[in-house]
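**Student:** structure here, sequence nowhere to be found:
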């Protein structure tokens, strides 16, 4: 049951910028992005050939992004946010009952209630907004199972700009309804077949089109500092919801693919709750960058055109072995700022095998009435294990439901 919304407006007016907090209050050096050719620090002007200017500033912490903790959300973006935000905070009574929990309470933040059934609009609207202001010709994206593609398509339609979305052939065939949504929203969707079949190889394909025209730019849904920044609307909104209910989170868990949703979920809490709350990033054992990868500089894409970032990675050529139902998790690396906090021990990481997670999709539907996205099942698994560990104790476990696998609200037969 969704917890009743308060009448006051809790949709954030600012994003939380964690980069200056990391440097000033935690005292950690943020490793700079490096030029893939020279090995030196990335040149801002070079990066603006790939990204819209404002996103490049956010990525490299230039100007106010180097100093300000709070970044004002443009009015146009906040109006769009308010078409689906605030998203509900739900007490998982059915799940608690099924697990026979005592005293432990489980809550989940429903980012799946957006028109596309996932959190992706939090950043796609922003990226399209800055692209429009700059006069971008085509915003080019790569999508895994289709959520980022739908987010890009819907955002570009809202701002009246062209978009082209590359989608690995296997995902394209499996997610035809999502492909229809993208096309009905005006995007050109191109199925591709790469040697690796991963998100990293898809980004490389998208970059070819970016460099094909001087006014084309790239749209990325994960890994970047700016996508994490935009998604802090999740955590900031959640803080207000918890404050209204006088709830202190003992554990916060979410799935991590590239890391933008998890970062947005927990970054606003670190300043006030570090040492009080366990922040747990949950990943798949099939792509266990945090738990089995290395913390090092690596290229985000396979053709080495994007800036090299220091992150937890399995290597840009990594390809998951066996079947990975949650194809949105097949990226080799993790968000650099998030990686730094994991490396420093502020955030913990846990990995679970797909065989133990995939079955939770039908279980969660039975106990909570929602078909979670395959990726979100990893957060559910982490929350279940944490709640069972604390059974009998007075604890609050909160997880992020990043998306669902139900019929898309903007899709019609």
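**Tutor:** Ah, there it is. Predicted model only: the values in this text are computed from it and were never measured.
**Student:** which residue ranges of this structure form strands?
**Tutor:** Under the criterion DSSP state E, the chain contains strands at 14-16, 70-72, 89-91, 105-110, 138-143, 162-168, 188-192, 217-219, 251-255, 278-284, 294-298, 309-313, 348-352, 396-401.
**Student:** how about the helix or strand of the chain with the lowest mean pLDDT: buried residues?
**Tutor:** Ranked by mean pLDDT, DSSP states H and E, the weakest helix or strand in the chain is helix 199-210, scoring a mean of 87. Burial within helix 199-210, assessed by neighbour count using 16 or more other CB atoms under 10 Å, is assigned to 199-207, 209-210. Heads up, the C-betas are built off the backbone N, CA and C, glycines and all.
**Student:** in JSON lines: these, plus distance to residue 296.
**Tutor:** Shown next, in JSON lines, are the buried residues of helix 199-210 (distance: CB to CB, whole Å):
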{"residue": "199", "distance to residue 296": "19"}
{"residue": "200", "distance to residue 296": "15"}
{"residue": "201", "distance to residue 296": "20"}
{"residue": "202", "distance to residue 296": "22"}
{"residue": "203", "distance to residue 296": "19"}
{"residue": "204", "distance to residue 296": "20"}
{"residue": "205", "distance to residue 296": "25"}
{"residue": "206", "distance to residue 296": "24"}
{"residue": "207", "distance to residue 296": "22"}
{"residue": "209", "distance to residue 296": "29"}
{"residue": "210", "distance to residue 296": "26"}
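**Student:** just give me the closest of the residues you listed to residue 31.
**Tutor:** When those are compared for distance to residue 31 (CB to CB), residue 200 wins out at 19.5 Å.
**Student:** isn't that closest one right up against residue 316?
**Tutor:** Yes - here residue 200 lies in contact with residue 316, judged by CB atoms under 8 Å, at a distance of 5.6 Å.
**Student:** okay, and the common contacts of these two?
**Tutor:** Here residue 200 and residue 316 have 300-302, 332-333 as joint contacts, going by CB atoms under 8 Å, 6 or more residues apart in numbering.
**Student:** how about the helices of the stretch 51-200 of the chain, start to end?
**Tutor:** Under the criterion DSSP state H, counting those that start in this stretch, the stretch 51-200 of the chain carries helices at the ranges 53-60, 64-67, 75-81, 93-99, 121-134, 147-159, 169-174, 176-184, 199-210.
**Student:** and for the stretch 301-413 of the chain?
**Tutor:** Under the criterion DSSP H, counting those that start in this stretch, helices of the stretch 301-413 of the chain are mapped to 336-343, 354-357, 360-368, 376-389.
**Student:** which among the ones you listed is found nearest to residue 145?
**Tutor:** Ranking the helices of the stretch 301-413 of the chain by their distance to residue 145 (criterion: CB to CB) puts helix 376-389 first, at 11.8 Å.
**Student:** about what we covered before: out of the strands of the chain, nearest to residue 228?
**Tutor:** Of all these, strand 14-16 sits nearest to residue 228, with 9.4 Å by CB to CB.
**Student:** just to revisit the earlier point, pick out the shakiest of the helices of the stretch 51-200 of the chain, pLDDT-wise.
**Tutor:** The weakest mean pLDDT among these belongs to helix 199-210, with a mean of 87.
**Student:** and it, how far out from the chain's middle?
**Tutor:** Once both centres are worked out by CA atoms, centre = their mean, to the nearest Å, helix 199-210 turns out to sit 19 Å from its chain's centre.
**Student:** got a list of contacts for it?
**Tutor:** Helix 199-210 is contacted from outside by 50, 138, 140-144, 164, 166-168, 192, 194-195, 216-218, 220, 222, 258, 300-303, 305-306, 316, 318, 328, 330-333, using CB under 8 Å, 6+ apart.
**Student:** report the buried members of those residues.
**Tutor:** Among those, those classed as buried by neighbour count (16+ other CB under 10 Å) are 50, 138, 140-144, 164, 166-168, 192, 216-218, 220, 222, 258, 300-302, 305-306, 316, 318, 328, 330-333.
**Student:** export the helices of the stretch 51-200 of the chain to a markdown table and tack on distance to residue 322?
**Tutor:** Output for those, formatted as a markdown table (distance: least, CB to CB, whole Å):
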| stretch | distance to residue 322 |
| --- | --- |
| helix 53-60 | 34 |
| helix 64-67 | 40 |
| helix 75-81 | 38 |
| helix 93-99 | 28 |
| helix 121-134 | 30 |
| helix 147-159 | 22 |
| helix 169-174 | 14 |
| helix 176-184 | 24 |
| helix 199-210 | 17 |
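**Student:** what's the most buried one of these?
**Tutor:** Sort those by mean neighbour count, taking mean count of other CB atoms under 10 Å, and helix 147-159 sits at the top with a mean of 26.
**Student:** run the angle between that helix and strand 188-192 for me.
**Tutor:** Between the axes of helix 147-159 and strand 188-192, defined by axes from the mean of the first three to the mean of the last three CA atoms, to 10 degrees, the angle is 160 degrees.
**Student:** okay, now the nearest residue to residue 71 once chain neighbours are set aside: neighbour count?
**Tutor:** In space, and not counting its chain neighbours, residue 71 is closest to residue 15: 4.6 Å by CB to CB, 6 or more residues apart in numbering. Applying the criterion other CB atoms under 10 Å, we find 28 residues in the vicinity of residue 15.
**Student:** was I right to think residue 15 contacts residue 230?
**Tutor:** Yes - using CB under 8 Å, residue 15 and residue 230 qualify as a contacting pair, with a distance of 6.3 Å.
**Student:** ok, so of the shared contacts of residue 200 and residue 316, who is nearest residue 247?
**Tutor:** The shortest separation between residue 247 and any of the shared contacts of residue 200 and residue 316 is 33.2 Å, and it belongs to residue 333 (by CB to CB).
**Student:** with that, I have no additional questions.
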